[in-house]
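> Quick check, what structure comes out for this input:
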Amino acid sequence: MDETNNWGRWGAADERGALNLLTPEVVIAAAGSVREGRVLSLSLPIKGSTSSPAPTTVPHLKGRPLPQHFMSVDGGDYAAGTRAIGAGLKMADDALIVTPHGTTTHMDALCHMWSGDSLYNGHPADRVRSYGATRCGIDKAGPVVARGVFFDIPKFRGVPHLAAGDRITAEDLEDCALEVRPGDVAVVRTGWPLAWYDSPEKYWSGQPGLSADAGRWLAERDVCMVASDNAAISGLNAHQGADESLEDDLHMLFLWRHGVYLAEMLWLEDLSASTRTDFLFLASPLAIDGGTGSPINPVAVL
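As a prediction, the model looks like this:
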């Protein structure tokens, strides 16, 4: 790699990347962003395609397998037999199958994408197998408690949402005039989920997102995570792919070079209405052993 990176910064064995910036002192300082005590969820709902009209109601990338949600009443629907839980008592269980990437609010692990034979920090890529990643999996991340910094780009431009071909530049981020501290979570709104409610076809026509220079701007400021309401942090074309070169690909820049985690497909409209630009950000991925990512329910404490 010719570019700067965080390989070796926290030791040769490190698998947590930029989350190492969340020292006790940084977390205590982040708690100082709580001034109102209001709590907002930043997550889209998980709606199973087996139990609701999810293909028409929840934003998702075209062709990705939607969540499957099965309900069991007294264990009779998908479990063997019923459960004896006492006379007169009723019980319902859930079985949920989720492919996080592209279908719901989620957090990418550092093993999600790489180049060549190495994951982040030089860990061997052959440790990512069908049974899970033994290096840099989502189980290595742990809870994220940090200061959130909100870049509401549509509001700054005076539009409901960005256009599909829009790319957020470093100058756009600079013009927001927000202080970014080491260990912060940069939360970037494009407003693109609103396009879904015009039509799925509009949502699938492409997506706005960060440009490579904006990604480098954030990485230089030592953020621990970048979170956005689009599906890939970067913009997407009409084929739902990225047009950037390998050098400028934001998954490579953030996950692979800098160990900066990504959270995608957030719901940021309520946060936008709050007018707050800093807050306490909370998110905890499921401890999926060797997972490439996990559904999350990010929370903003205002």
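> Which strand in the chain has the most residues?
If you go by DSSP state E, the chain has its longest strand at strand 144-152.
> what residues does it touch?
For strand 144-152, contacts defined as CB atoms under 8 Å, 6 or more residues apart in numbering pick out 19, 22, 26-27, 29-30, 33, 107, 168, 172-173, 176, 178-181, 183-189, 224-225, 227, 261, 268, 271-272, 276-284, 300. Using the backbone N, CA and C atoms, a C-beta is placed for each residue, glycine as well.
> Going through those, which ones are buried?
Neighbour counting by 16 or more other CB atoms under 10 Å classes 19, 22, 26, 30, 33, 107, 168, 172-173, 176, 180-181, 183-189, 224-225, 227, 261, 268, 271, 276-284, 300 among these as buried.
> Quick check: strands, which of those residues are part of them?
Those of the buried ones among the contacts of strand 144-152 lying in strands (DSSP E): 107, 168, 185-189, 225, 227, 261, 278-283, 300.
> Could you list the low-pLDDT ranges of the stretch 151-300 of the chain?
The model of the stretch 151-300 of the chain has no residue with pLDDT under 70.
> what residue ranges in the stretch 1-150 of the chain score low on pLDDT?
For the stretch 1-150 of the chain, residues meeting the criterion pLDDT under 70 lie at 1-2, 49-56, 73-90.
> Quick one: the helices in the stretch 101-250 of the chain, in order.
Assigned by DSSP state H, counting those that start in this stretch, the helices in the stretch 101-250 of the chain fall at 153-157, 170-175, 193-196, 200-203, 212-220, 250-251.
> for those, which one ends up most surrounded?
With neighbours defined as mean count of other CB atoms under 10 Å, the helices of the stretch 101-250 of the chain peak in mean count at helix 250-251, which reaches a mean of 23.
> Give me the contact list for that one.
Counting by CB under 8 Å, 6+ apart, 108, 112-113, 209-210, 212, 215, 232-234, 242, 244, 262 sit against helix 250-251.
> quick revisit: so which of the helices of the stretch 101-250 of the chain is nearest Pro124?
In terms of CB to CB, the element of the helices of the stretch 101-250 of the chain nearest to Pro124 is helix 250-251, at 18.9 Å.
> Who are the contact partners of Tyr203?
Contact analysis of Tyr203 by CB under 8 Å, 6+ apart lists Pro59, Trp192, Pro193, Ala195, Trp196.
> export those residues to CSV and tack on distance to Asp139?
What follows is the contacts of Tyr203, written out as CSV (distance: CB to CB, whole Å):
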residue, distance to Asp139
Pro59, 27
Trp192, 30
Pro193, 29
Ala195, 34
Trp196, 31
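> ok, so of these, who is nearest Ile46?
Among the contacts of Tyr203, Pro59 lies closest to Ile46 (CB to CB), at 12.1 Å.
> How about that closest one, nearest residue that isn't a chain neighbour?
The shortest distance from Pro59 to any non-neighbouring residue, by CB to CB, 6 or more residues apart in numbering, is to Trp196 (4.2 Å).
> before we move on, what about Ala238?
Distance criterion CB to CB, 6+ apart; nearest residue to Ala238, sequence neighbours excluded, is Gly206 at 5.1 Å.
> Distance check, that neighbour against Asn20.
Using CB to CB, to the nearest Å, we find Gly206 at a distance of 35 Å from Asn20.
> okay, those two: which has more neighbours?
Comparing Gly206 with Asn20 by neighbour count (other CB atoms under 10 Å), the higher total belongs to Gly206, at 21 against 15.
> Verify the stated contact: that one with Asp166.
No: counting by CB atoms under 8 Å, Gly206 stays clear of Asp166, with 9.4 Å between them.
> Give the residues shared as contacts by those two.
Gly235.
> before we move on, back to that, as TSV, the contacts of helix 250-251 with distance to Pro45 would be great.
Compiled in TSV, these are given as follows (distance: CB to CB, whole Å):
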residue	distance to Pro45
Asp108	20
His112	23
Met113	26
Gly209	22
Leu210	25
Ala212	32
Gly215	29
Ala232	20
Ile233	21
Ser234	25
Ala242	26
Glu244	31
Leu262	21
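> And those residues, which of them are buried?
108, 112-113, 209-210, 212, 215, 232-234, 242, 244, 262.
> give me the element the residue nearest in space to the middle of the chain is part of.
Central residue of the chain (CA atoms, centre = their mean): Ala263, 1.2 Å from the mean position. Using DSSP states H and E, Ala263 sits in strand 261-264.
> Show residues contacting that strand.
Residues from elsewhere that reach strand 261-264 (CB under 8 Å, 6+ apart): 17-19, 101, 105-110, 112, 141, 144, 185, 224-228, 230-233, 251, 254-255, 283, 296, 298.
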